[in-house]
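Student: What shape does this take:
(one chain, ligands or ions: 3)
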Amino acid sequence: MRWTAPLALYAALLGPSLGACDPSAVPGDGVTPARLDDTAVAPNPYADDPYALADSTVVLVSLDGFRWDYLDRAETPTLDRLIAEGAHAAALVPAFPTKTFPNHYTLATGLWPENHGIVDNSFYAPDLHETFDMFDSRDNQDPRWWGGEPIWITAERQGVTAGTMFWVGSEVQWTHGISATYQVPYDGSIPFIERVERVLYWLDQPTDAPRLVTLYFNEPDHSGHSYGPDHAYVTDAIEQVDAVLAELVAGLEARGRLDTTDLVVVSDHGMTALSDERLIVVDDHLDLDRVWVHSWGPWMSIWPMEDSETDAIVAGLQGLPHTLCAARADLPPELHFSVGRRVAPVHCIADVGWTLTSADWGAGSFRGTHGYRPSDADMQGLFVARGPHLQPGARLPATDNVHVYSLLARLLEIRPAANDGELAPFGAALRPR
Ligand code: AMP
Ligand code: ZN
Ligand code: ZN
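Tutor: Ligands and ions are numbered 1, 2, ... in the order given. Predicted coordinates for the structure are as follows:
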């Protein structure tokens with residue numbers, strides 16, 4: 001884990017009362033999620049910078065499950081315009097596992113899931129002897145699950161008002177008492193256009209309008225699961241989210257704010273097609289009475305009932321076709337999924353498009369899914385950004401989403417908290433100063 005130079009400066013400015021000075025609070029120990037529990041407000045490091053655009057706004061939009069290449073198969077005039085006038089990465093590479101909760105929280109914190117602690121949409125945590133459930137609002141509010149410092153807390157700490165029109169982790173009731181000034185608890189039934197209207201309403205506030213806004217849409221993920229990524233209904237969903245983005249852009253333009261807004265559009269992961277002919281039945285390789293399997297489908301996380309059985313379980317799984325099975329310490333290092341206490345001791349990851357299942361279950365109801373390796377092209381997402389800090393026409397290679405937090409801090413001209421990412425991978429997206 002790096003200790004970034006700016007953070008060291010930040011800590012030096014504020015002295016030992018800052019939680020970030022406590023080495024036990026630094027992310028990367030992979031044991032318990034990192035947490036910064038102080039209430040210190042940092043000075044704005046850009047206060048005397050003549051090039052600072054401190055009155056600009058950042059709007060971070062997530063289009064859940066928008067695969068990087070969806071741009072080529074539907075009419076997306078709004079995204080096309082943002083790309084033409086802004087920066088575009090060939091793909092945004094998610095963190096493992098390529099699921100919604102781990103990745104939205106990696107985007108928000110700049111931490112790998114093993115370090116922020118949200119290692120799946122639902123998972124067992126031996127540090128708490130409890131199971132996290134993405135659909136349980138108590139878990140979404142309980143800070144014991146959530147490590148690191150999401151960007152809206154980094155912002156509010158430094159005097160930048162934030163509003164979250166949904167984001168994974170935005171409902172946490174932090175013990176330090178800081179939260180986004182404007183916040184809406186997750187309700188997937190709120191129509192997309194109302195989400196945009198709510199954001200525009202916040203921006204219209206005469207005092208204390210947010211300078212950081214998050215905005216989340218649960219499409220085209222939902223249609224991708226139901227129909228598979230190649231279905232015409234997914235094309236419709238892509239066009240639906242593009243149309244709602246058009247409303248956001250039009251609303252900003254009508255207020256004369258488009259050119260002072262850094263609009264960053266991302267997705268958390270992609271989507272791949274499933275088939276009943278690509279099932280991997282594990283029963284002959286794994287005694288399901290001796291383990292607790294948490295996740296199925298693209299990836300199995302396996303907790304042996306006895307630690308001493310781990311090696312034998314891994315050995316028994318080696319013959320599984322189309323699958324990588326390993327103890328967590330032996331997973332490929334690029335997965336960054338080996339050390340966290342909430343990371344299960346044994347994992348099997350299927351080749352993209354294959355389904356790990358048991359004889360009792362067979363194929364599931366999904367026609368499409370995600371959760372496979374981040375290096376599988378179908379798992380990769382979207383990055384488009386346009387605004388005063390961003391270089392028109394900038395083209396970036398596929399870039400890890402762990403670096404987005406650093407970019408957001410730069411766009412807001414605030415000091416990032418300690419994290420696993422860095423600004424350099426997005427350097428080419430920035431307008432030269
Ligand atoms: P996944 O199963 O990984 O495809 O997760 C996608 C689903 O996550 C969405 O359809 C929503 O139901 C759910 N979701 C997304 N954001 C939130 C949130 N902030 N709070 C609760 N659930 C969410
Ligand atoms: Zn998702
Ligand atoms: Zn999904």
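Student: What sits closest to the residue in the chain that ligand 2 sits nearest to if chain neighbours are left out?
Tutor: With Cβ to the ion, the shortest gap between the chain and ligand 2 falls at residue 100, namely 3.2 Å. Every residue, glycine included, has its C-beta placed from N, CA and C. Closest residue in space to residue 100, ignoring its immediate chain neighbours: residue 268 at 5.5 Å, by Cβ to Cβ, 6 or more residues apart in numbering.
Student: okay, that neighbour: pLDDT?
Tutor: pLDDT recorded at residue 268 is 99.
Student: what's around it, how many residues?
Tutor: Residues within reach of residue 268, counting by other Cβ atoms under 10 Å, total 29.
Student: Please list all residues in contact with it.
Tutor: Counting by Cβ atoms under 8 Å, 6 or more residues apart in numbering, residue 268 touches 62, 64-65, 94, 98-100, 103-104, 107, 381, 401.
Student: what do you get for residue 112?
Tutor: 95, 106, 336-337, 402, 420.
Student: The residue of the chain most remote from its centre and residue 316: what is the separation?
Tutor: In the chain, residue 284 marks the outermost C-alpha relative to the chain mean, sitting 35.3 Å out by Cα atoms, centre = their mean. Computed with Cβ to Cβ, to the nearest Å, the distance linking residue 284 and residue 316 is 9 Å.
Student: now, which of the contacts of residue 268 lie within helices?
Tutor: Among those, DSSP state H puts 100, 103-104, 107 in helices.
Student: Compile these into a markdown table and extend it with columns for neighbour count and pLDDT.
Tutor: Output for the ones in helices among the contacts of residue 268, formatted as a markdown table (neighbours: other Cβ atoms under 10 Å; pLDDT from 0 to 100):
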| residue | neighbour count | pLDDT |
| --- | --- | --- |
| 100 | 24 | 98 |
| 103 | 30 | 98 |
| 104 | 27 | 99 |
| 107 | 31 | 98 |
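Student: Now for the residues you listed: which two are most distant?
Tutor: 100 and 107 (10.7 Å; Cβ to Cβ).
Student: who's in contact with the one residue in the stretch 1-150 of the chain that gets nearest to ligand 1?
Tutor: Ligand 1 sits closest to residue 100 of the stretch 1-150 of the chain, with a gap of 3.2 Å, by Cβ to the nearest ligand atom. By Cβ under 8 Å, 6+ apart, the contact set of residue 100 is 64-65, 121, 134, 168, 221, 268-269.
Student: confidence score at residue 22?
Tutor: Residue 22 is given a pLDDT of 33.
Student: got it, and residue 204?
Tutor: 97.
Student: Now do the domain split for this structure, please.
Tutor: The chain breaks down into these domains under automatic domain parsing: 19-273+375-429, 279-365.
Student: Which stretch among the ones you listed is buried most, on average?
Tutor: domain 19-273+375-429 (a mean of 20; mean count of other Cβ atoms under 10 Å).
Student: just to revisit the earlier point, quick one: the residue farthest from the centre of the chain from residue 317, how far?
Tutor: 10 Å.
Student: same check, this time on residue 153
Tutor: From residue 153 across to residue 317, the span is 40 Å (Cβ to Cβ).
Student: Near ligand 2, list only the ones from the contacts of residue 100.
Tutor: Counting by Cβ under 5 Å from the ion, the subset of the contacts of residue 100 that neighbours ligand 2 consists of 64-65, 221, 268.
Student: Export those residues to a markdown table and append columns for distance to residue 254.
Tutor: Shown next, in a markdown table, are the ones next to ligand 2 among the contacts of residue 100 (distance: Cβ to Cβ, whole Å):
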| residue | distance to residue 254 |
| --- | --- |
| 64 | 27 |
| 65 | 30 |
| 221 | 29 |
| 268 | 29 |
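Student: returning to that earlier point: in terms of mean pLDDT, which of the domains of the chain ranks lowest?
Tutor: domain 19-273+375-429 (a mean of 92).
Student: Run the chain-centre distance for the longest helix seen in the chain.
Tutor: Counting residues, the longest helix in the chain under DSSP H turns out to be helix 232-254. Relative to the centre of its chain, helix 232-254 is centred 21 Å away, using Cα atoms, centre = their mean, to the nearest Å.
Student: Stretch 168-181 too?
Tutor: With Cα atoms, centre = their mean, you get 17 Å for stretch 168-181.
Student: now swap in stretch 260-279 and tell me
Tutor: 12 Å.
Student: Dump that stretch to PDB, restricted to CA.
Tutor: Taking C-alpha atoms only, stretch 260-279 is exported to PDB below (Å, rounded to 0.1, in the frame of the first residue of the first chain):
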ATOM      1  CA  THR A 260     -18.700  24.600 -15.400                       C
ATOM      2  CA  THR A 261     -19.700  21.000 -14.700                       C
ATOM      3  CA  ASP A 262     -17.300  18.100 -14.900                       C
ATOM      4  CA  LEU A 263     -19.700  15.300 -15.900                       C
ATOM      5  CA  VAL A 264     -18.100  11.900 -15.300                       C
ATOM      6  CA  VAL A 265     -20.100   8.900 -16.600                       C
ATOM      7  CA  VAL A 266     -19.000   5.500 -15.500                       C
ATOM      8  CA  SER A 267     -20.300   2.000 -15.100                       C
ATOM      9  CA  ASP A 268     -19.400  -0.600 -12.500                       C
ATOM     10  CA  HIS A 269     -19.000  -3.600 -14.800                       C
ATOM     11  CA  GLY A 270     -20.200  -5.100 -18.100                       C
ATOM     12  CA  MET A 271     -22.400  -8.200 -18.900                       C
ATOM     13  CA  THR A 272     -22.000 -11.500 -20.700                       C
ATOM     14  CA  ALA A 273     -24.400 -14.000 -22.200                       C
ATOM     15  CA  LEU A 274     -25.200 -17.200 -20.300                       C
ATOM     16  CA  SER A 275     -26.100 -20.600 -21.900                       C
ATOM     17  CA  ASP A 276     -27.600 -23.800 -20.500                       C
ATOM     18  CA  GLU A 277     -24.800 -25.500 -22.500                       C
ATOM     19  CA  ARG A 278     -22.100 -23.800 -20.400                       C
ATOM     20  CA  LEU A 279     -22.800 -25.300 -16.900                       C
END
